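Visitor: Fold the following, please.
(chains A and B)
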Amino acid sequence: MTVKRKSVQFELNGRKVSAEVAPHHTLVEMLQGQFGLYGARESCGQGLCGCCTVIVDDKSVSGCLQLASLVDGTKVRTVEGLSDGLTLDPVQEAFIETGAFQCGFCTPGYLLMTKELLAANPDPDDDFIRHYLAGNLCRCGAYPEIISAIKLAASKSRKPGARHAS
Amino acid sequence: MNVRAKSIGGQVGRSVPRLEALSKVTGRAEYVHNLRLPRMLTGKIVRSTVAHGRIKRIDTTEAEQIAGVDRVITSADIVKVIPHPFYGPAFHDQPILAMDKVHYVGEPVAVVLAEDPHVAEEAAQLVLVEYEELPAVFDEVEAAQNKAVVHEALKPAGTFPDLMHLNGIRGTNIALDFKLRRGDANKAFAESERIYEHTFRTQQVLHVPLEPFVSVAETDGMAITIHTASQSPSFVRLEIARLLGWTENRVHVRVPFLGGGFGAKLYIKLEALVAALSLIVLRPVKISLTMEEQFYTLTKHASTFRIKSALDKEGRITARECEVWWNGGAYADIGPRITQKSGFTAPGPYNIDNVNIDSYALYTNLTPAGALRGFGIPQLVWAYESHTDLLAREIGMDPVDFRRKNLLRDGQAQATGTIVKDMGAVACLERTAELMNWSAPFDRGSGTIRRGRGVAVGFKASISPTTSVAIVNISADGSCTLLCGTVDMGQGSDTAMAQIVAEVLNMTTEDIRVVHSDTDVVPYDMATLGSRSTFHMGHAVRLAAEDAKQKVAALANEVGMKAGTNMPLRELFLRKYKMQAGNIIGSGAYIPSYASPDHHTGLSDNVTPFWMVGATGIELEVDTETGHFKITKMINVGDVGRAINPQIVESQLSGAAIMQLGFTTTEKMEFDAGQVVNASFADYKIPGMLDVPEMQSEIVVAEQTNGPFGAKGVGESGTFGVSPAIANAIEDAVGVRISSLPITPEAVYRAIRVSQNDPIGE
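Guide: This next block holds a predicted model:
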């Protein structure tokens, strides 16, 4: 397969980067192959399980379907960008404290979706959480713990005096 | 959720967060999936398109002409490095790549190797294979009639004495026929006036771990290293060594974390293939399956179970006859073990004097079937707990009372004759009934919404006799490393095993480092399966830690300190070695006692070191106009002995129940002439967050007296009762009985229409 590669420039977890990508390369392939980031991972290959979730310009996308060439000029955030290496994000802390994962394969996707969920609704109820995360799957069935984790993360993330969505 | 376990010491009984939690929430946990090696080739498998056929011709020319293709490999190449390339834990029946014949749609026939996975994938489409189709068989009961025969002759592995008599038998699909005869069932049936018989079926489903199968092999020709997502690294080592004719120490198997296993990633899956490929091309080779390809690799056994019981006037079960057909697919995998090891529990956790069991492992032309979270038990519980509910209804007794009257209690003999001990079936049933408020009046709904409730309780023996070995290494600064072959696939074994070490050595769990699954340094473990690890590896780890503790005492004595000194470990090392140097190595090996069931009667007085019990209670409402049902309450209760880590144990119970909910309500592999037609998450629906009902999972604390710190296995117990509890609740609500899984709204609606003498057509 001889294909012409294209250069893309974008912001990856806060740093300006560039990569050479083929037209058929997915975002997950680029993150793994060119940046050594394995937190977004392909599982179902159809955008139905959420293991490949990546945030592009503040919006979650399925990294196994999104073409790498499309991230040119965007801001890309992966699970590796959640923590600065010294302190964990409150969402990560909450997932640990509530035991909200078993094998951990789906966890990066849930963490990123939780960030997006809490940005949309800082005080979510069960129903909101269940519908928001209907597109992510956890075969270990840690769903009850994930719901607890999100509520805990919400309470950790809310600043005193901040307005709560109802 | 309520945890009632009490801590018995500092570390065991503590809900320690998983030791690997940080690496999992930062995306840095190691999976084989992440591994890329220099000069590595990727393999893409070309699969059979027919269910049963002779391979007439494989044409690889066009594929080999694609730029970037390294080469295309068939069985003709495999036999040059592995002359007899057949593997399997019970039968040596599965070829690395199809040899002369194919036995199911999706069977690996050839592999295209390329550096670029996209190139390999494109070229794989261009490999042409011509077949001469042969008659195929798909149904397990039909397979038993041997009209179409899957394999020309049976090839038992030779490691199991009870399979040896099958060697070379021709013209049959029956890979194993397990038989149990206890008391005189025929006489008891003849003497009873209340005899009831039913047949239940389960469908093909599969594990679909979110990390699909993946293996990498690299070799220098002298030794081979296999990095693999496997639940059984020691088995992989032994089996690859056997295939190559090498000694064990030349085969190095490494397993990092698994992205789920559930019984899929046992024995040999891709390991023999990547090993052979790397030996052929002398480059590292990786094969990562897609989600679709998991449907062509391993399933859970579909089953048909005919069950018949005789009751006396008081409602006691006097005799039970069980006939179970297990659909093993094209290769035996561990099916014959399931047929026997689970088969002997087919009458359920009931005290019955007269029992006949016939359990058949059958070959068919479908994807091979193996262990899936319960090792056959959920299929059996589905049948015997549906049947038990029907018996109670037949004689007008409350289903909980009927079970109370008949359940096995400690001191009574299970069907094999083994006296049960620390088997909490009654405790689990009672706690479930209590949490369901069973004795209180129940709202049955009205109009088109009808409400019902149901319970079910199942049990399982451990897979015996199996061995675990562990090493505890104390370094000169007093820090401690555990070498333990249990694979952490999400069940939290690293953490639980570290808790045991910390408990024995009076350390903090978080300070223990666990090295898992590297056969160059980590000792033997039979496998991570059947909820065996907490008990077996738990004992080995305990023994290793105790051994280290004794050696610490000996070192203290040697350097002139009194027994029980509180001198820090690093001081003891310094006194002996004069600098920060040396190690204390403690080791432990564990195998429980066991007596194999008699070949003719199936009886044994010591068939398992422990029993696991799970009970489920369900409340639901059914819409009589559509058949849709909504679970409004789900109670899962497990007898797990004493919980080493209550939070992780609870997650195991509820996670298992959620998985079984999928197998009960939505999951089913659909076939057309042996071809799976719904091999994707778009068409095969596993539970998502919206499917999880209001749940309560609870541990019944029942000390397992022979377990490490009173603990026993927990990974499967949550699956046992789910399916029949739902079917029992549906009958309670609308008076119809569903006898085949899955229980779909359509099945319920059809049954309602049949009950109204107004059935609907196809």
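
Visitor: Show me where chain A has its strands.
Guide: Ranges of strands in chain A, per DSSP state E, are A:6-12, A:15-21, A:53-56, A:59-62, A:75-77.

Visitor: Just give the strands next to the first one in its sheet, each with its orientation.
Guide: What that stands for is strand A:6-12. strand A:15-21 (antiparallel), strand A:75-77 (parallel) (DSSP bridges).

Visitor: likewise the fourth one?
Guide: Strand partners for strand A:59-62, identified by DSSP bridges, are recorded as strand A:53-56 (antiparallel).

Visitor: CA atoms only: put the strand it pairs with into PDB for me.
Guide: Once non-C-alpha atoms are left out, strand A:53-56 reads as follows in PDB (Å, rounded to 0.1, in the frame of the first residue of the first chain):
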ATOM      1  CA  THR A  53     -12.600   7.600  23.500                       C
ATOM      2  CA  VAL A  54     -10.500  10.800  22.900                       C
ATOM      3  CA  ILE A  55     -11.500  14.400  23.500                       C
ATOM      4  CA  VAL A  56     -11.100  16.600  20.400                       C
END
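
Visitor: and that strand, what's its mean pLDDT?
Guide: In this model, strand A:53-56 carries a mean pLDDT of 98.

Visitor: ok, and what's touching that strand?
Guide: Contacts of strand A:53-56 from elsewhere in the structure, counted by CB atoms under 8 Å, 6 or more residues apart in numbering or on different chains, are A:27-28, A:31, A:40, A:60-63, A:66, A:71, A:74-78, A:108-109, A:112-113, A:115-116, A:136. Any C-beta I mention is one placed from the backbone N, CA and C, and that applies to glycine too.

Visitor: How about the closest residue to chain B within chain A: what's its closest non-neighbour residue?
Guide: Closest approach between chain A and chain B, counting by CB to the nearest CB: A:G39, at 2.4 Å. Using CB to CB, 6 or more residues apart in numbering or on different chains and skipping residues adjacent in sequence, the residue nearest A:G39 is B:G27, 2.4 Å away.

Visitor: Check the secondary structure at the one you found for me.
Guide: Here B:G27 is coil, with the state taken from DSSP: H, G, I helix; E, B strand; the rest coil.

Visitor: So which residues of the stretch 101-250 of chain B form strands?
Guide: For the stretch 101-250 of chain B, the strands defined by DSSP state E, counting those that start in this stretch occupy B:101-102, B:108-114, B:128-133, B:174-182, B:194-202, B:214-219, B:224-228.

Visitor: Sheet-wise, list the partners of the first one with their directions.
Guide: According to DSSP bridges, the neighbouring strands of strand B:101-102, each with its direction, are strand B:53-59 (antiparallel).

Visitor: what does the partner strand rub up against?
Guide: Counting by CB under 8 Å, 6+ apart, B:74, B:98, B:100-102, B:109-110, B:127-134 sit against strand B:53-59.

Visitor: Might you report the residue contacts of the closest residue to chain A within chain B?
Guide: Residue of chain B nearest chain A, by CB to the nearest CB: B:G27 (2.4 Å). By CB under 8 Å, 6+ apart, the contact set of B:G27 is A:37-40, A:78-80, A:107-108.

Visitor: In terms of distance to B:D639, which of these ranks first?
Guide: Nearest to B:D639 out of the contacts of B:G27 is A:T107 (CB to CB; 29.8 Å).

Visitor: Any regions of the chain where pLDDT drops low?
Guide: Unless you meant another one, I'm taking chain A. Scanning chain A for pLDDT under 70 picks out A:1-2, A:159-166.

Visitor: The chain in question should be chain B.
Guide: Ranges of chain B meeting pLDDT under 70: B:1-9.

Visitor: what's around residue 127, how many residues?
Guide: You didn't pick a chain, so chain A it is. Close neighbours of A:D127, defined as other CB atoms under 10 Å in any protein chain shown, add up to 9.

Visitor: You answered for a different chain; I wanted chain B.
Guide: Neighbourhood size, B:V127 [other CB under 10 Å]: 22.

Visitor: End to end on stretch B:225-243, go ahead and measure it.
Guide: One end of stretch B:225-243 sits 15 Å from the other (CA to CA, to the nearest Å).

Visitor: Indicate whether that stretch makes contact with chain A.
Guide: No - taking CB under 8 Å from any CB of the partner chain as the criterion, stretch B:225-243 and chain A are apart, separated by no less than 10.2 Å.

Visitor: buried residues in that stretch?
Guide: Residues B:225-243 are the ones in stretch B:225-243 that count as buried (16 or more other CB atoms under 10 Å in any protein chain shown).

Visitor: can you redo the strands of the stretch 101-250 of chain B as CSV with distance to B:Q379?
Guide: Below are those laid out as CSV (distance: least, CB to CB, whole Å):
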stretch, distance to B:Q379
strand B:101-102, 27
strand B:108-114, 27
strand B:128-133, 31
strand B:174-182, 14
strand B:194-202, 5
strand B:214-219, 28
strand B:224-228, 28
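
Visitor: Between those, which one is closest to B:F91.
Guide: Evaluated over these, closeness to B:F91 peaks at strand B:174-182, with 6.4 Å, by CB to CB.

Visitor: Tell me which other helices or strands that closest one touches.
Guide: Contact partners of strand B:174-182 among helices and strands, from 3 or more CB pairs under 8 Å, 6 or more residues apart in numbering or on different chains; DSSP states H and E: helix B:335-341, strand B:354-362.

Visitor: how much distance is there from that strand to the middle of the chain?
Guide: Centroid separation for strand B:174-182 versus its chain: 21 Å, with CA atoms, centre = their mean, to the nearest Å.

Visitor: All set, thanks.
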